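Enquirer: Need the 3D shape of this:
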Amino acid sequence: MTKTVLEVARELADAHRAEDPETREVFLASSDNEVRLVEVSGAVGPTEGGKILPFRFVQRPDLGVPYDSVVVLLSPDEWQEVRAGRLPLPAGWGNATDLQKIA
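Expert: Numbering: from 1, shown residues only. Have a look, this model is predicted:
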């Protein structure tokens with residue numbers, strides 16, 4: 001039985017938080033065929049030029065990840081900018097109010 005995007009997202013969020021204890025919050029952007037995570041961490045600084053840079057990963061069914069995934073790492077200040085609508089998420093991800101908090 002294949003895991004859902006939400007199940008895989010929660011597993012990835014838990015693994016990422018274990019590696020980065022400064023991860024404060026993890027959110028999921030809606031998608032039926034891709035895991036789209038927004039992670040807020042005190043361990044990262046703001047990106048140069050104020051642009052969000054997604055990190056893409058291919059699916060790894062052999063590791064229990066049957067979907068492609070995309071992770072956006074944000075500093076707490078950048079997260080506040082996203083919440084205020086001044087810093088957009090990647091196209092198709094919606095805005096901060098569209099995200100589901102998963103960790």
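Enquirer: Give me the contact list for the longest helix along the chain.
Expert: Across the chain, the longest stretch assigned as helix under DSSP state H is helix 5-19. Contacting residues not belonging to helix 5-19 are listed as 3, 23, 26, 28, 31-35, 37, 39, 64-67, 69, 71, 100, 102-103 [C-beta atoms under 8 Å, 6 or more residues apart in numbering]. From N, CA and C alone the C-beta is placed, and that goes for glycine too.
Enquirer: in it, what counts as buried?
Expert: 5, 8-10, 12-13, 16-17 (16 or more other C-beta atoms under 10 Å).
Enquirer: Was I right to think residue 52 contacts residue 93?
Expert: No. With contacts counted by C-beta atoms under 8 Å, residue 52 stays clear of residue 93, the gap being 9.3 Å.
Enquirer: So which of the two has more stuff around it?
Expert: For residue 52 and residue 93, the more surrounded residue by other C-beta atoms under 10 Å is residue 93, and the numbers stand at 22 against 17.
Enquirer: hey, where'd the helices end up in this protein?
Expert: All helices of the chain, identified by DSSP H, fall at 5-19, 76-83.
Enquirer: Would you mind writing the CA trace of stretch 86-103 as PDB?
Expert: The C-alpha coordinates for stretch 86-103 follow below in PDB (Å, rounded to 0.1, in the frame of the first residue of the first chain):
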ATOM      1  CA  ARG A  86       5.500  40.400   1.100                       C
ATOM      2  CA  LEU A  87       7.500  37.300   0.200                       C
ATOM      3  CA  PRO A  88       5.700  34.900  -2.200                       C
ATOM      4  CA  LEU A  89       6.000  31.100  -2.000                       C
ATOM      5  CA  PRO A  90       6.800  29.200  -5.200                       C
ATOM      6  CA  ALA A  91       4.100  29.400  -7.900                       C
ATOM      7  CA  GLY A  92       1.200  27.100  -7.200                       C
ATOM      8  CA  TRP A  93       1.900  26.800  -3.500                       C
ATOM      9  CA  GLY A  94      -0.600  29.400  -2.400                       C
ATOM     10  CA  ASN A  95       0.100  31.700   0.500                       C
ATOM     11  CA  ALA A  96       0.800  31.200   4.200                       C
ATOM     12  CA  THR A  97      -2.900  30.700   5.100                       C
ATOM     13  CA  ASP A  98      -3.100  27.900   2.500                       C
ATOM     14  CA  LEU A  99      -0.400  25.800   4.200                       C
ATOM     15  CA  GLN A 100      -1.200  22.900   6.600                       C
ATOM     16  CA  LYS A 101       1.000  22.900   9.700                       C
ATOM     17  CA  ILE A 102       2.400  19.400  10.200                       C
ATOM     18  CA  ALA A 103       5.100  19.800  12.800                       C
END
